[in-house]
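> Give the three-dimensional model of this entry:
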Amino acid sequence: MMKIVMLINCIAPMAFIFVIVAGLPNLTFATTFQLYTEELPPYSMMEDNQPVGISVEIVSLLFEKAQLDYEVRVVPWKRAFNTLQNKVDSCAFPVQRNQEREVVFHWISPILITHTAFYTNKHSSLRIRTLEDARYLEIGSYGGSAIVDYLSNLKFIVRTTTKEENNIHKLIHNRIDIWAADTNTAKYYSKKNNVQLKRHVVFFTTLRALACNIGVPDAVIEKLQITLKNMYEDGSISAVMNKYQ
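Now for the predicted structure:
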């Protein structure tokens with residue numbers, strides 16, 4: 001690289017040298033971004049060996065509009081989170097954004113705004129109108145979610161699983177009292193398993209984001225954030241959401 005700069009120095013004005021050198025960092029970061037997501041219908045899932053879902057479509061369109069190469073991989077959340085922290089060309093989605101994670105990653109958001117509620121079997125006698133009504137109940141959720149962090153920090157009784165769908169089976173067989181679940185995810189699994197649920201209080205609203213390794217250049221993050229803003233303004237996000245209503 002030094003030879004190239006020295007050659008330019010011999011044949012070009014100083015202003016031209018500055019433009020070329022300033023552009024070099026972007027040129028050296030030409031890469032295919034590895035985008036990790038978990039099995040979380042209807043936001044991300046595998047169908048016919050292809051990643052699909054609301055967030056998969058939104059993020060894929062985002063990278064296409066930003067003219068960045070990418071690959072989407074559906075993997076267990078723990079693997080996605082570990083890779084995100086250690087691999088410089090990686091991002092994960094749709095990650096629940098919270099204080100503990102804020103300084104660890106770059107953020108492009110919101111990809112989605114989601115809501116979490118408590119669920120019981122349809123014929124349950126439990127009545128949960130406030131968060132405190134669940135204080136002494138066993139709550140099912142899945143490990144690694146911001147919901148687990150939130151409820152655990154408040155000293156609630158939380159039983160975790162590695163897959164969200166396991167919680168609806170635990171609820172059916174009375175192995176947990178209530179299920180803390182994303183409203184769209186609960187609706188999806190309720191229909192899939194032919195189980196009628198009763199929804200109680202919605203107690204948590206989350207910004208779900210694209211989280212990228214801190215080593216991704218600021219210029220790339222800014223480009224993605226501006227592109228996402230434009231997608232909201234031109235109706236691209238609404239078009240994807242409407243497909244899944």
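
> can you tell me how far the residue nearest the centre of the chain sits from residue 206?
With distances taken as C-alpha atoms, centre = their mean, the residue of the chain nearest its centroid is residue 94 (1.2 Å). To residue 206, residue 94 is 9 Å away according to C-beta to C-beta, to the nearest Å. From N, CA and C alone the C-beta is placed, and that goes for glycine too.

> likewise residue 81?
Here the criterion is C-beta to C-beta. By it, residue 81 lies 16 Å from residue 206.

> Quick check: neighbours shared by residue 94 and residue 206?
Counting by C-beta atoms under 8 Å, 6 or more residues apart in numbering, the contacts common to residue 94 and residue 206 are residue 114.

> got the CA positions of stretch 200-210 in CSV?
Written as CSV, here are the backbone C-alpha positions of stretch 200-210 (Å, rounded to 0.1, in the frame of the first residue of the first chain):
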residue,chain,number,x,y,z
HIS,A,200,-53.3,-11.0,29.8
VAL,A,201,-51.5,-7.8,30.4
VAL,A,202,-49.0,-6.5,27.8
PHE,A,203,-46.1,-5.5,30.0
PHE,A,204,-43.1,-5.0,27.8
THR,A,205,-42.5,-3.1,24.6
THR,A,206,-39.2,-3.6,22.8
LEU,A,207,-37.2,-2.0,20.0
ARG,A,208,-35.8,-4.9,18.0
ALA,A,209,-32.7,-3.9,16.1
LEU,A,210,-29.9,-5.0,13.8
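
> Skipping its backbone neighbours, what lies nearest residue 88 in space?
Nearest non-adjacent residue to residue 88, counting by C-beta to C-beta, 6 or more residues apart in numbering: residue 215, 3.8 Å away.

> ok, now residue 180?
Nearest to residue 180 is residue 141, by C-beta to C-beta, 6+ apart, at 4.7 Å.

> quick one: secondary structure of the residue nearest to residue 88?
coil (DSSP: H, G, I helix; E, B strand; the rest coil).

> Fine by me, thanks again.
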